[in-house]
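Q: Predicted model and sequence follow; I will ask about them next.
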Amino acid sequence: MKKLYVKKLGVVLLMIGLGVSPLWLEASSTSTDPETGVVTYVYDADENIIVGNKQTLEINGNLLTYGNIEVKNGGVLVVYGDLISYGNSIVSNGTIIVQGDLLSTSPTATIQNNGDLEVGGDVNVADLDTQGNSSLRIFFLNPDADIVGVPGTTPYGGYDELPAAGLPDGLISIIDNVIKPIAIGYQWKTDVSSSDWRLSVNWSGNKVPTSSTSVRIKQPGAGFMNPQINPGDIIVVQNLTVESGASLTLKPGARLTVNGKLTVAEGGSLVMEHNYGIGGMSSLVTNAGVVGKVKTKMVLPQDQWFYLGSSRKDAIFSDFSAGEDGVIINV
């Protein structure tokens, strides 16, 4: 997963919701990505990270540590980016929330007793297990995440299993407001009778997706509606996934930009509709990877000649179909 979009609730929320005090732990050094502006906070091998009871440490970017990480009972470590650990151990009796990816070569990574771990991105670890509690304590929130190195004996859940952790409302707020919009994506409800993308009640959490959020379109229930982007609407999202059985339609004149990854699952459908004339073309711009197929439909008046070009980069003629008999194609 390539993406860090920090949406920080901050110390105030943690202090009010959790009754904890902020821990200030200066990094050994920092570096800033010149393209994204994301800051990486580096802690050397002799700088172990220890978060005590009723303390919270917030890392407002990536965390790269060569020392050990220990979160004591009642402590909270929140990383608004990726957590990369090359230390000897990660041990938590408290809470660790990672907005982005978790990469750890630590030979010991243990969530103990009532501790918990929530990760919004990909996971690649040398070890990860739980001790002292048979219930779910580890949660990987992105259903499309790559998960590598987690032993088969280590149980973990997803977003829907989070209530089992019994997290305080303050931590749930962080997950819902900071991780969910990116890792899981705002989801189109499967029981709505309107197809209007801009209608907030059609989305989980009653929030319309923004340019910093991911979007997931799920198959609606029988008799309910798939979303469409209406003529003249300009929509920008981060990642977009159209699941099998679901569809998204761009009406003539609609514009959609996907800054991250566009995924149209097998059995899913993304349809671009066009009409002849000024302003009748829909627009789809993708700035990263694309997986799946996009269908284009265009309505033309009869008994006229038209020169048509593909809106898809590197398209070949065999991809083009007139859709019905009686249409002549000259090339």
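A: Ah, there it is. Source: prediction; values computed, not measured.
Q: ok, how many other residues are close to the closest residue to residue 247 other than its chain neighbours?
A: Spatial nearest neighbour of residue 247, chain neighbours left out: residue 269 (3.9 Å); criterion: CB to CB, 6 or more residues apart in numbering. (Glycine included, C-beta is placed from N, CA and C.) Residues lying near residue 269 (other CB atoms under 10 Å) number 19.
Q: where do the strands sit along the stretch 101-250 of the chain?
A: 102-104, 108-112, 116-119, 123-125, 129-131, 138-140, 147-148, 186-187, 215-217, 228-229, 234-237, 240-242, 247-250 (DSSP state E, counting those that start in this stretch).
Q: any idea which of these is most buried?
A: Counting by mean count of other CB atoms under 10 Å, strand 116-119 has the highest mean neighbour count of the strands of the stretch 101-250 of the chain, with a mean of 27.
Q: per-residue confidence averaged over it?
A: For strand 116-119, mean pLDDT rounds to 95.
Q: Please export the C-alpha coordinates of that strand as CSV.
A: The C-alpha atoms that make up strand 116-119 are tabulated as CSV, following Å, rounded to 0.1, in the frame of the first residue of the first chain:
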residue,chain,number,x,y,z
ASP,A,116,-4.7,-4.9,21.2
LEU,A,117,-3.3,-4.1,17.8
GLU,A,118,-5.1,-2.4,14.9
VAL,A,119,-3.5,-2.1,11.5
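Q: quick thing: my sequence starts at 210, can you match it?
A: Fine by me, first position is 210 from now on; the one you just mentioned is strand 325-328.
Q: could you pull out the helices for this protein?
A: 220-227, 378-383 (DSSP state H).
Q: ranking those by mean pLDDT, which is last?
A: helix 220-227 (a mean of 45).
Q: Including distance to residue 260, could the strands of the stretch 310-459 of the chain go into CSV?
A: CSV is the format used below for the strands of the stretch 310-459 of the chain (distance: least, CB to CB, whole Å):
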stretch, distance to residue 260
strand 311-313, 16
strand 317-321, 14
strand 325-328, 13
strand 332-334, 20
strand 338-340, 18
strand 347-349, 18
strand 356-357, 25
strand 395-396, 31
strand 424-426, 33
strand 437-438, 44
strand 443-446, 34
strand 449-451, 34
strand 456-459, 42
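Q: The longest strand along the chain packs against which elements?
A: The longest strand of the chain (DSSP state E) is strand 478-484. Judged by 3 or more CB pairs under 8 Å, 6 or more residues apart in numbering; DSSP states H and E, the packing partners of strand 478-484 are strand 456-459, strand 504-508.
Q: now do 10 Å
A: In terms of contacts (3 or more CB pairs under 10 Å, 6 or more residues apart in numbering; DSSP states H and E), strand 478-484 is packed against strand 437-438, strand 449-451, strand 456-459, strand 471-473, strand 492-495, strand 504-508.
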